[in-house]
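Trainee: From the sequence below, what's the structure:
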Amino acid sequence: MGYSISHGTNPTGQLLRSYSGLAEFGRELAYVLSSRDWRTVRHLFDGKRLSDDELVPPATARKIADILSKAATHPKITPQGARDARDFSAAAAYAASLGEPWVWSG
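Mentor: A predicted model of the protein is given here:
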């Protein structure tokens, strides 16, 4: 099981990620992000399941996109982590550009 995340770039328009995959990516983000940036994204990537659909407002999605874009270029991020950061950043930025909430459904 996992999450379907809106505004993705695959043919269905969503990102699909398992709970364990998100938790692994979250551990990597916690390592490469500043504590301030990690606090901003932690609720999505800390490995804890969201109780309901998470609606990230467009302004917050824009902040998250910027943080993940920065993470993707960190010298200590793995190649897979960089790909995930770019994918999530693109999805969040796309939602923000449309003025729509970024939706995470579990």
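
Trainee: Please count neighbours and contacts with C-alpha atoms only from this point.
Mentor: Fine.

Trainee: Give me the distance between the helix or strand of the chain with the lowest mean pLDDT and the centre of its chain.
Mentor: Here the helix or strand of the chain ranked lowest by mean pLDDT, DSSP states H and E is strand 14-18, holding a mean of 80. In terms of C-alpha atoms, centre = their mean, to the nearest Å, the centre of strand 14-18 is found 10 Å from the chain centre.

Trainee: Which strands or helices does it pack on?
Mentor: strand 2-6 (3 or more C-alpha pairs under 8 Å, 6 or more residues apart in numbering; DSSP states H and E).

Trainee: can you map out the strands along the chain?
Mentor: For the chain, the strands defined by DSSP state E cover 2-6, 14-18, 54-56, 102-105.

Trainee: Any idea which of those strands gets closest to Q80?
Mentor: The minimum distance between Q80 and these falls on strand 14-18, with 13.2 Å, by C-alpha to C-alpha.
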